[in-house]
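Novice: Predicted structure and sequence below. I'll ask about it afterward.
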Amino acid sequence: MPSENTCGLDNITSALCDQYAQDGVVFIKQALHPDWLMLLEMGLQRVMANALQQKHLFYAGEDREFIETVRNFDVTPEIQRLVYDSPIADMVGKLIGSENIWLYSDEFFVKDGGGCGRTPWHQDMPYYPMAGTQIASMWISLDPISKAECLETIPGTHRQTMFDGFNPMAVSEDPTMPYYDAELPPLPDIEAERDKWNIQSWDITPGDVIVLHPAVLHGGGPTLPGGRRRAITIRLYGDDITYAERPPTAPTVPLTPGLSQQLNPGDPLRSPWYPRIRPLPEHQRV
Ligand SMILES: O=C(O)CCC(=O)C(=O)O
């Protein structure tokens, strides 16, 4: 089973698509040109300088604190250009087999120094108001990082149980504390039993990407002393994704008020919250 591939769009072979369907995760070596990384770095600087853009602190007030910020696309031209103009949407379209591609969200995980904590193990799908298979998140690191600091995934788990999410407000206390509580089975404590799980991760050179299905169990490595790990995930979806309700006990992430008033469960997920990326919309063409 191949565990890496050596180029961007050209090397999204049918074998890689099969691997994505089977494992829900693929690693693609040097998929992005340094220009796209420079654009992303500029986008991150703009987001961090934008006091109006909401930042969530994991482990707030502790030495292991780090920043997460979601849906920056709307207010960040660099991220808009990256999503519309780079090969990311075409690569994902080929991997998931959809000519139509929409943006679900972008999300930065900024571990800007050594000693930042783990992103707890979780699946993203429980937080999202959607059902279907044609979805992928591309995880991109701006910094070279070791396997121990990388995004970690457990291949194949997107085809298994959908667990509850963790509660982002309670990660210091218990990184498996249920988000909805009662409606879905609680997350297993993967970190406490790492050797029982088939955990996969990679040494990363900027330009390498990991593409994962958001229902795959995954978690984010900590930073080692002197380390730095600024990553973004771009989440894109295709034709078969429909609107699905989530338990009313907690909001979906990112919050999309009004969506439940416009869509019924099973409707194609179409909303101004989710801009069309492919085919490239007329207003993005020159
Ligand atoms: O990079 C990380 O620490 C976590 C990433 C993640 O959870 C995601 O991309 O969905």
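Specialist: That came in fine, so what should we check first? Numbers count the residues shown, from 1 in each chain.

Novice: Those residues of the stretch 101-250 of the chain touching the ligand, which are they?
Specialist: Residues of the stretch 101-250 of the chain lying close to the ligand by Cβ under 6 Å from any ligand atom are 109, 119, 124, 137, 139, 151, 218, 220, 231, 233. Quick note: C-beta positions are derived from backbone N, CA and C, even for glycine.

Novice: what's the burial count for the residue of the stretch 101-250 of the chain found nearest the ligand?
Specialist: Minimum separation of the stretch 101-250 of the chain from the ligand (Cβ to the nearest ligand atom) falls at Gly220, amounting to 1.8 Å. For Gly220, the count of nearby residues is 26 (other Cβ atoms under 10 Å).

Novice: just checking, it touches Trp121?
Specialist: No. Contact status for Gly220 versus Trp121: not in contact, 9.3 Å apart, counting by Cβ atoms under 8 Å.

Novice: which strands and helices sit next to the one helix or strand Ala21 maps to?
Specialist: With elements taken from DSSP states H and E, the one containing Ala21 is helix 14-23. Under the contact criterion of 3 or more Cβ pairs under 8 Å, 6 or more residues apart in numbering; DSSP states H and E, the helices and strands touching helix 14-23 comprise strand 25-28, helix 88-96.

Novice: still on that earlier bit, any common contacting residues for Gly220 and Trp121?
Specialist: Overlap between the contact sets of Gly220 and Trp121, as judged by Cβ atoms under 8 Å, 6 or more residues apart in numbering, is given by Glu152.

Novice: buried ones in the helix holding Ala21?
Specialist: 16, 19-20, 23 (16 or more other Cβ atoms under 10 Å).

Novice: what's Tyr180 in contact with, if anything?
Specialist: Under the criterion of Cβ under 8 Å, 6+ apart, the neighbours of Tyr180 are 126, 164-165, 246-247, 249-250.

Novice: go with 6 Å
Specialist: With Cβ atoms under 6 Å, 6 or more residues apart in numbering as the criterion, the residues that contact Tyr180 are 164, 247, 249-250.

Novice: Return the per-residue confidence for it.
Specialist: According to the model's per-residue confidence, Tyr180 sits at a pLDDT of 95.

Novice: Quick check: the nearest residue to it once chain neighbours are set aside vs Arg46, distance?
Specialist: Nearest in space to Tyr180, with sequence neighbours left out and distances taken as Cβ to Cβ, 6 or more residues apart in numbering, is Pro247 at 4.2 Å. Pro247 sits 35 Å away from Arg46, going by Cβ to Cβ, to the nearest Å.

Novice: try Val286
Specialist: Going from Val286 to Arg46 by Cβ to Cβ gives 23 Å.

Novice: okay, those two: which has more neighbours?
Specialist: Here Val286 and Arg46 are set side by side on neighbour count (other Cβ under 10 Å), and the busier one is Arg46, at 16 against 2.

Novice: My impression was that the more buried one belongs to a strand - is that right?
Specialist: No. Assessed with DSSP: H, G, I helix; E, B strand; the rest coil, Arg46 is helix; it does not lie in a strand.

Novice: contacting residues around the residue lying closest to it once chain neighbours are set aside?
Specialist: What sits nearest to Arg46 in space, not counting adjacent residues and going by Cβ to Cβ, 6+ apart, is Thr76, at 5.4 Å. With contacts defined as Cβ under 6 Å, 6+ apart, the neighbours of Thr76 are 43, 46-47.

Novice: For the closest residue to the residue of the stretch 101-250 of the chain closest to the ligand other than its chain neighbours, give me the backbone phi and psi.
Specialist: Once flanking residues are discounted, Gly220 sits nearest to Thr119: 3.1 Å by Cβ to Cβ, 6+ apart. The phi and psi values for Thr119, taken as degrees, to the nearest 10, are phi -80, psi 120.

Novice: what about Thr119, neighbour count?
Specialist: Other residues near Thr119 number 23, with proximity taken as other Cβ under 10 Å.

Novice: swap in Gly97?
Specialist: If you count neighbours by other Cβ under 10 Å, Gly97 ends up with 15.

Novice: Can you give me the separation between it and the ligand?
Specialist: Distance check for Gly97 against the ligand: by Cβ to the nearest ligand atom, to the nearest Å, it reads 21 Å.
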